[in-house]
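Peer 1: For reference, the sequence and a predicted model appear below.
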Amino acid sequence: MTTPRSTPPPVPPAERGATMIADRVVAKIAAQAAREALAARPQGPPAAAGAGAAPGAPHATVTVHHDIARVRVSLELDYPSDLAAQCAAVRRQVVRRVEECAAMSVPEVDIDIEHLHSAHTRTAALRTRKLR
């Protein structure tokens, strides 16, 4: 005859372990959020919209310490446009998405505008590509 096994008492949630989210995962969330913010805003004058290649995709670097993420986003934007408004929209969206998806607070989002694309430079680049 076997004796019934007793089940161990349940372990409280705080003592079960920890969930770690890699910095590169948070960086991907931030870059996607920046793309979402820029897609929701007009980039430049309507005449420049079809003039050539669109600005490059945003990329982000993140440093996570405990549950605090410090984010740096690099952007390429159309010019002329309201750069400050675009950067503010990116900051808001990055903070919202990182808090929502990774449950981390984001006290700062630094924005680097790496390149400005104008209708003139896109048209010149398109002409150069056609000549080759």
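Peer 2: It's in. Quick caveat, the model's predicted, so the values are computed rather than measured. Residues are numbered from 1 along each chain as shown.
Peer 1: CA only for contacts and neighbour counts going forward, please
Peer 2: Will do.
Peer 1: need the longest strand for the chain.
Peer 2: If you go by DSSP state E, the chain has its longest strand at strand 105-118.
Peer 1: who touches that one?
Peer 2: 48, 55, 67-80, 87, 91, 94-95, 98-99 (CA atoms under 8 Å, 6 or more residues apart in numbering).
Peer 1: can you do 7 Å?
Peer 2: 55, 67-80, 87, 91, 95, 99 (CA atoms under 7 Å, 6 or more residues apart in numbering).
Peer 1: Sort out which of these are in helices and list them.
Peer 2: 87, 91, 95, 99 (DSSP state H).
Peer 1: Switch the residues you listed over to JSON lines, and while doing so, append distance to residue 12, pLDDT and neighbour count to every line.
Peer 2: Putting these into JSON lines (distance: CA to CA, whole Å; pLDDT from 0 to 100; neighbours: other CA atoms under 10 Å) gives the following:
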{"residue": "87", "distance to residue 12": "43", "pLDDT": "97", "neighbour count": "22"}
{"residue": "91", "distance to residue 12": "37", "pLDDT": "98", "neighbour count": "23"}
{"residue": "95", "distance to residue 12": "31", "pLDDT": "98", "neighbour count": "22"}
{"residue": "99", "distance to residue 12": "25", "pLDDT": "97", "neighbour count": "17"}
